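Participant: this is the structure alone, sequence omitted:
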DNA sequence: ATCGACTCAATAACGTTGTTATATGAGGTT
DNA sequence: AACCTCATATAACAACGTTATTGAGTCGAT
């Protein structure tokens, strides 16, 4: 019998490594970060668990790859709303997009921010690592947030804010977003109140950056 | 040989149910929420895993009991800083105590807010339940936060704020605290910046409630 | 005082988990 | 053609949560 991987093309079967990751992402979506079982994953891909070991070095390596995918997805959400010529709109939509990502990818979000293990953003199978570089350098998704905060702040204050100030504020914004979304995902938010409360957080933050209240509300309404 | 539980008093051995919970809390502290292994737990308590099943109905029941303990501990942190006659001080210390709890009980915090499973705050072994009551009613720790926010807001605005407004603001405050602390625990915060940034969040929030900036800073400094 | 019913926990087993050792077999090189 | 390399299938191992079975202890009633 010929090599199963190269010849059996009934499902297009492309690269096994990519196929494993796809299926693992589906498992995370269905059962959360702990729902990824190597045997089930291998079965779903028509291979044995050994493939995961040769391709990813084991479960931690696989989860690390998944984790990197999660950040790429988050980054895509951020890129989609970038609008440099309308900083307030950009800021508002950036914040709303963050929540949308978390609700669209609950399992992935918990994998990324559950704190179960800390992964390196760039490592080749290289296990979890404590960050020694600023997060904005490591995760493009956060660079996008810093960018939005910086341009929005510059636009409304008519002066160039200090980089440190921008990073500090961006971190607070990130904390506000992550906190509200995390509570919502964990089940601590009334489903009816979650969105309006998140929107009021957007209002608070944009107003503290000097934006006009009516303009903020208009952007929130427009983002629907 | 007599009953091991009632007679062998070499370690005082008190109630096995309480002993199991103690040891489980220690395991959560050491290895996180997923570090609680029934076999290891039973071994540490000198019993078999069956005791856990008769006393707590299984691992979910045990985790639920642990979860309730976590909220009791958080509530204790909140009670310790209650100062009704100094609302700003109360508010500042409440926020700082929240972070202190999370850093003192990282594993427990992740169990409570990791969103892995949602537990009922009051249930007897009764598994995880979706909340149908406002969280303030279910968790005294959050009632304390609502209380602090309400009195602080009333004190600085010289008028009685609407309960809904208080709850909305308290939720945003909770979200800010949880978000910053969650990012810090998950490893996304520069260890040197985490505290000052949290403090500046405290400043932001208290200022938005009408408190004087210098007074806020004084309280933060006094709280050490 | 003795017997029966009940409770509780220890033992052993089952299925599943991640991981590792062994073996097989195809692909490329000499 | 013989060899080497490398990836994967198979099988086994330890540990996990859970369950069935068994035995010991307690309590109440006769």
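Facilitator: Ah, there it is. Please read all numbers here as calculations on a predicted model, not as lab measurements.
Participant: so the helix or strand where residue A:197 lies versus helix B:191-208, what angle?
Facilitator: In this structure, residue A:197 sits in helix A:191-208 according to DSSP states H and E. Between helix A:191-208 and helix B:191-208, the angle comes out at 90 degrees (axes from the mean of the first three to the mean of the last three Cα atoms, to 10 degrees).
Participant: so what does helix A:191-208 touch, helix or strand wise?
Facilitator: Applying 3 or more Cβ pairs under 8 Å, 6 or more residues apart in numbering or on different chains; DSSP states H and E, one finds that helix A:191-208 contacts helix A:87-104, helix A:163-186, helix A:213-223, helix B:163-186, helix B:191-208. Using the backbone N, CA and C atoms, a C-beta is placed for each residue, glycine as well.
Participant: tell me, how many neighbours does the closest residue to DNA strand D within chain A end up with?
Facilitator: Proximity of chain A to DNA strand D (Cβ to the nearest atom of the strand) peaks at residue A:48, 3.0 Å away. Number of residues near residue A:48 (other Cβ atoms under 10 Å in any protein chain shown) recorded here: 12.
Participant: tell me the pLDDT of it.
Facilitator: Residue A:48 carries a pLDDT score of 96 in this model.
Participant: count of residues packed around the residue nearest to it when sequence neighbours are not counted?
Facilitator: Of all residues not flanking residue A:48 in the chain, residue A:42 sits nearest, at 5.4 Å (Cβ to Cβ, 6 or more residues apart in numbering or on different chains). Residue A:42: 18 surrounding residues under other Cβ under 10 Å.
Participant: distance check, residue A:42 against residue A:27.
Facilitator: Distance, residue A:42 to residue A:27, by Cβ to Cβ, to the nearest Å: 11 Å.
Participant: DNA strand D contacts on chain A?
Facilitator: Within reach of DNA strand D by Cβ under 7 Å from any atom of the strand, chain A has these residues: A:4-5, A:16, A:42, A:46-51, A:53-55.
Participant: secondary structure added to the residues you listed, as a markdown table?
Facilitator: Putting the residues of chain A next to DNA strand D into a markdown table (DSSP: H, G, I helix; E, B strand; the rest coil) gives the following:
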| residue | secondary structure |
| --- | --- |
| A:4 | helix |
| A:5 | helix |
| A:16 | helix |
| A:42 | helix |
| A:46 | coil |
| A:47 | coil |
| A:48 | coil |
| A:49 | helix |
| A:50 | helix |
| A:51 | helix |
| A:53 | helix |
| A:54 | helix |
| A:55 | helix |
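Participant: of those residues, buried ones?
Facilitator: A:16, A:42, A:47, A:51, A:55 (16 or more other Cβ atoms under 10 Å in any protein chain shown).
Participant: and the helix or strand residue A:41 falls within, anywhere near DNA strand C?
Facilitator: In this structure, residue A:41 sits in helix A:38-45 according to DSSP H and E. Yes - counting by Cβ under 7 Å from any atom of the strand, DNA strand C has neighbours in helix A:38-45: A:38-40.
Participant: and that helix, what does it pack against?
Facilitator: By 3+ Cβ pairs under 8 Å, 6+ apart, helix A:38-45 packs against helix A:16-31, helix A:49-56.
Participant: quick one: the last one to chain centroid distance?
Facilitator: Using Cα atoms, centre = their mean, to the nearest Å, the mean C-alpha position of helix A:49-56 is found 26 Å from that of the whole chain.
Participant: ok, stretch A:168-176 next?
Facilitator: With Cα atoms, centre = their mean, you get 15 Å for stretch A:168-176.
Participant: tell me if that stretch is near chain B.
Facilitator: Yes - Stretch A:168-176 is in contact with chain B by Cβ under 8 Å from any Cβ of the partner chain, via A:168, A:171-172, A:174-176.
Participant: for that stretch, the averaged confidence score.
Facilitator: Mean pLDDT, computed over stretch A:168-176, is 98.
Participant: buried residues in that stretch?
Facilitator: For stretch A:168-176, the buried set under the neighbour-count rule, 16+ other Cβ under 10 Å, comprises A:168-176.
Participant: and chain A, what are its domains?
Facilitator: Residue ranges for each domain of chain A read A:1-56, A:68-223, as given by automatic domain parsing.
Participant: let me know which of those is tucked in deepest.
Facilitator: domain A:68-223 (a mean of 19; mean count of other Cβ atoms under 10 Å in any protein chain shown).
Participant: that domain close to DNA strand C?
Facilitator: No - on the criterion Cβ under 7 Å from any atom of the strand, domain A:68-223 is out of touch with DNA strand C, staying 10.4 Å away.
Participant: how far does that domain stretch from start to finish?
Facilitator: Terminal residues of domain A:68-223 are spaced 28 Å apart (Cα to Cα, to the nearest Å).
Participant: residue A:82: what secondary structure?
Facilitator: Strictly by three-state DSSP, residue A:82 counts as coil.
Participant: contact partners for it?
Facilitator: Each residue near residue A:82 by Cβ atoms under 8 Å, 6 or more residues apart in numbering or on different chains is listed here: A:90, A:94, A:144, A:148.
Participant: surely the first one meets residue A:151?
Facilitator: Yes - checked against Cβ atoms under 8 Å, the pair residue A:90 and residue A:151 is within contact range at 7.0 Å.
Participant: overlap in contacts of the two?
Facilitator: Common contacts of residue A:90 and residue A:151 (Cβ under 8 Å, 6+ apart): residue A:84.
Participant: nearest residue to the residue minimising distance to the centre of chain A other than its sequence neighbours?
Facilitator: Taking Cα atoms, centre = their mean, the centroid of chain A lies closest to residue A:74, which sits 3.3 Å from it. Nearest residue to residue A:74 in three dimensions, chain neighbours excluded: residue A:141, at 4.4 Å (Cβ to Cβ, 6+ apart).
Participant: pretty sure that neighbour sits against residue A:70.
Facilitator: No - contact criterion Cβ under 8 Å: residue A:141 and residue A:70 do not qualify, at 9.4 Å.
Participant: rewinding a little: out of the buried ones among the residues of chain A next to DNA strand D, what pair is the most spread apart?
Facilitator: Within these, two members stand farthest from each other by Cβ to Cβ: A:42 and A:55, at 10.9 Å.
Participant: shared neighbours, those two?
Facilitator: Common neighbours of residue A:42 and residue A:55 (Cβ under 8 Å, 6+ apart) are residue A:20.
Participant: rewinding a little: can you put the buried residues of stretch A:168-176 in TSV and add distance to residue A:211?
Facilitator: Converted to TSV, the buried residues of stretch A:168-176 look like this (distance: Cβ to Cβ, whole Å):
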residue	distance to residue A:211
A:168	18
A:169	13
A:170	16
A:171	19
A:172	16
A:173	13
A:174	18
A:175	19
A:176	16
